[in-house]
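Visitor: This is a predicted model, with the sequence first.
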Amino acid sequence: MNSKEALFWSIALPGFGQILNGKYIKGFIFVFLEIFINVQANFNEIIIYSFHGDIEMAVLSTNYLWLMFYPCLYFFAMWDAYKDAGGGKSRYASLPFVFSAYFVTVGLIYSSKLKIFGHILGPMWLPMLFVIPGLIVGIILKRLLAKS
């Protein structure tokens with residue numbers, strides 16, 4: 001299995017990359033955890049409200065105590081599938097995943113308050129935007145540490 005292919009399958013659903021890597025127990029645990037956290041956090045409702053532009057209902061529907069688990073599970077599953085498929089040979093290869101999870105979690109924390117261009121983006125869109133600075137910081141740190 002190609003490491004990028006495993007990564008993309010994990011982006012589609014945490015656990016799929018592990019299943020394709022032949023790590024069935026780990027893969028089914030990730031799939032179960034993804035579904036469990038998704039249901040507990042009302043994440044599908046949040047997605048529907050967000051796509052319909054009803055950010056207020058998305059915020060009100062969010063169970064933040066459960067949704068806070070999602071970024072770490074999601075990015076750890078991606079990293080794990082990527083690593084198991086032979087990617088991430090570098091000592092600091094996990095940093096973009098770690099910082100993305102961290103930044104997405106911070107984005108989630110502020111998603112009901114932080115305004116961008118005068119609008120609250122809510123618990124789906126703002127955390128997604130925070131992936132970008134997380135990746136950038138993780139990649140920069142990975143490169144800086146690899147040089148030292």
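Guide: Received it, and whenever you're ready, just let me know what you need. What you are looking at is a predicted structure, and each value in this text was computed from that prediction instead of being measured. Numbers count the residues shown, from 1 in each chain.
Visitor: quick one: the helices in the protein?
Guide: Here the chain has its helices, by DSSP state H, at 3-12, 16-20, 24-41, 43-51, 55-61, 64-67, 70-84, 95-109, 122-129, 131-147.
Visitor: tilt between the longest one and helix 70-84?
Guide: Just to be clear, that refers to helix 24-41. Helix 24-41 runs at 160 degrees relative to helix 70-84, counting by axes from the mean of the first three to the mean of the last three C-alpha atoms, to 10 degrees.
Visitor: list the helices and strands helix 24-41 packs on?
Guide: Secondary-structure packing of helix 24-41 (3 or more C-beta pairs under 8 Å, 6 or more residues apart in numbering; DSSP states H and E): helix 16-20, helix 64-67, helix 70-84. To be clear about C-beta, it is placed using only N, CA and C from the backbone, and glycine gets the same treatment.
Visitor: hmm, back to that, export the helices of the chain to JSON lines and tack on distance to residue 115 and mean pLDDT?
Guide: What follows is the helices of the chain, written out as JSON lines (distance: least, C-beta to C-beta, whole Å; pLDDT from 0 to 100):
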{"stretch": "helix 3-12", "distance to residue 115": "28", "mean pLDDT": "92"}
{"stretch": "helix 16-20", "distance to residue 115": "35", "mean pLDDT": "95"}
{"stretch": "helix 24-41", "distance to residue 115": "23", "mean pLDDT": "97"}
{"stretch": "helix 43-51", "distance to residue 115": "16", "mean pLDDT": "97"}
{"stretch": "helix 55-61", "distance to residue 115": "11", "mean pLDDT": "96"}
{"stretch": "helix 64-67", "distance to residue 115": "18", "mean pLDDT": "96"}
{"stretch": "helix 70-84", "distance to residue 115": "21", "mean pLDDT": "96"}
{"stretch": "helix 95-109", "distance to residue 115": "13", "mean pLDDT": "97"}
{"stretch": "helix 122-129", "distance to residue 115": "10", "mean pLDDT": "95"}
{"stretch": "helix 131-147", "distance to residue 115": "17", "mean pLDDT": "95"}
